[in-house]
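Asks: below: sequence and its predicted model.
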Amino acid sequence: MSRPDPRSFLSGFIAIIGPPNVGKSTLLNRLLGQKIAITSPKPQTTRNRILGIYNEDDCQMVFIDTPGIHQTRSLLHKSMVGSAKSSLGEVDIILLVVGFEQPANNSELTIILRLLRQTDKTALLAINKIDLLKKENLLPVIEIYSKMARFDSIIPVSALYGDGLETLIGELKNKLSPGPQFFPPDMVTDKSEEFLIAEIIREKIYYHTREELPYSCAVRIEQINEDLEKNLLVVMATIFVEKASQKGIVIGKNGKMIKKIGRNARIEMEKIFSSHVYLELFVKIEKNWSSDARSLRRLGY
Ligand SMILES: Nc1nc2c(ncn2[C@@H]2O[C@H](COP(=O)(O)OP(=O)(O)OP(=O)(O)O)[C@@H](O)[C@H]2O)c(=O)[nH]1
Ligand SMILES: [Mg+2]
């Protein structure tokens, strides 16, 4: 493969930040045209920084998806928000994502705008979920945001339906500087297959269980074996919960819940990896893992 001309090649690191649940991960997946980050209707879905690499012949944008910034409770949340904040220092461009419905006095937004004021980096604002907004209400929303901080550009988008994304990519490209191709052009993320599999299982827990339970769950892959002849991926994974009562909920009556989580995770993995998947799930209690530094490290946070 020929290397791009370094004199005209554009590149840069872009942090995707914002309050929880505004569609940051949905946007990243849509920009890349493939799922590398899980999404859910519940806030605080993303727990790790995830690189997503967008390539064109003459440019490379390295996006960093980050956990939503919010007021922290547990040690887990502190680690999540810490990783989001620290990403700001390492990038060339900040892409703030908000949901159009975010009230202007939202406390999470206030924290983020304060962070933005402390940097002089290029900052773009993507106002997401405009598919839910009546056309005539868009301009007033843009106006409110344009008064809240100095944005180099404000782009209304719908990550779910792909609206406005070409404009967003164009605006980002305008702000890139000449630079190297940091990653090989066929590389889409820095995360492993194992990470994505664990995350897909966690996503299904977010979808199928209620209230606080998802926040008490973590997933660890114990084993992955690939049988090329049978085009089969065999995965063993453990779902960690914090209490015995939570273990009961994850397993469900007659194992109904764990079967549902497993089936949905398997179907999605089969689609992503184009192979058959055999998935075995175990549930274990690790008392208060989300507030214990050693457990957090062990579980990858
Ligand atoms: N209607 C609509 N829903 C969207 C859009 N983008 C994302 N969503 C939904 O919003 C919810 C949150 O999306 P995520 O991508 O998980 O949000 P996030 O900002 O990454 O959330 P955290 O990781 O928790 O900070 C999901 O239910 C998405 O389907 C959009 O453009 N329109
Ligand atoms: Mg996310």
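Replies: Yep, that arrived. Ligands and ions are numbered 1, 2, ... in the order given.
Asks: now the farthest one out in this protein, which residue is it?
Replies: Residue farthest from the centre of the chain, counting by C-alpha atoms, centre = their mean, is residue 229 at 33.5 Å.
Asks: quick one: residue 153 and residue 124 touch, right?
Replies: Yes: between residue 153 and residue 124 there is a contact at 4.9 Å, judged by C-beta atoms under 8 Å. All C-beta spots, glycine's among them, are computed from the backbone N, C-alpha and C.
Asks: list the residues that contact both of the two?
Replies: By the contact definition C-beta atoms under 8 Å, 6 or more residues apart in numbering, residue 153 and residue 124 are jointly contacted by 171, 175.
Asks: about what we covered before: what about the residue farthest from the centre of the chain, which SS state?
Replies: Assigned with DSSP: H, G, I helix; E, B strand; the rest coil, residue 229 falls in the coil class.
Asks: just the pLDDT for it.
Replies: We have a pLDDT of 96 for residue 229.
Asks: excluding its backbone neighbours, what's nearest residue 278?
Replies: residue 234 (4.8 Å; C-beta to C-beta, 6 or more residues apart in numbering).
Asks: more neighbours: residue 153 and residue 124, which one.
Replies: Using other C-beta atoms under 10 Å as the criterion, residue 153 and residue 124 rank with residue 124 on top: 20 against 17.
Asks: give me the number of residues near residue 209?
Replies: Neighbour number of residue 209 under other C-beta under 10 Å is 20.
Asks: can you check residue 27 too?
Replies: The burial count for residue 27: 28, using other C-beta under 10 Å.
Asks: torsion angles phi and psi at it?
Replies: Residue 27 adopts backbone torsions of phi -60, psi -50, taken as degrees, to the nearest 10.
Asks: now it, nearest residue through space, not along the chain?
Replies: Using C-beta to C-beta, 6+ apart, the nearest residue to residue 27 is residue 159, at 3.8 Å.
Asks: all strands of the stretch 51-200 of the chain, in order?
Replies: Secondary structure of the stretch 51-200 of the chain by DSSP state E, counting those that start in this stretch: the strands cover 59-65, 93-99, 122-128, 153-156, 177-178.
Asks: just the buried positions in stretch 66-75, please.
Replies: Residues 66-70, 74-75 are the ones in stretch 66-75 that count as buried (16 or more other C-beta atoms under 10 Å).
Asks: if you could redo that for stretch 134-148, that was the one I meant.
Replies: So stretch 134-148, judged by 16+ other C-beta under 10 Å, has buried residues 141-142, 145.
Asks: ok, so of those, who is nearest ligand 2?
Replies: Closest approach to ligand 2 among those (C-beta to the ion): residue 145, at 20.4 Å.
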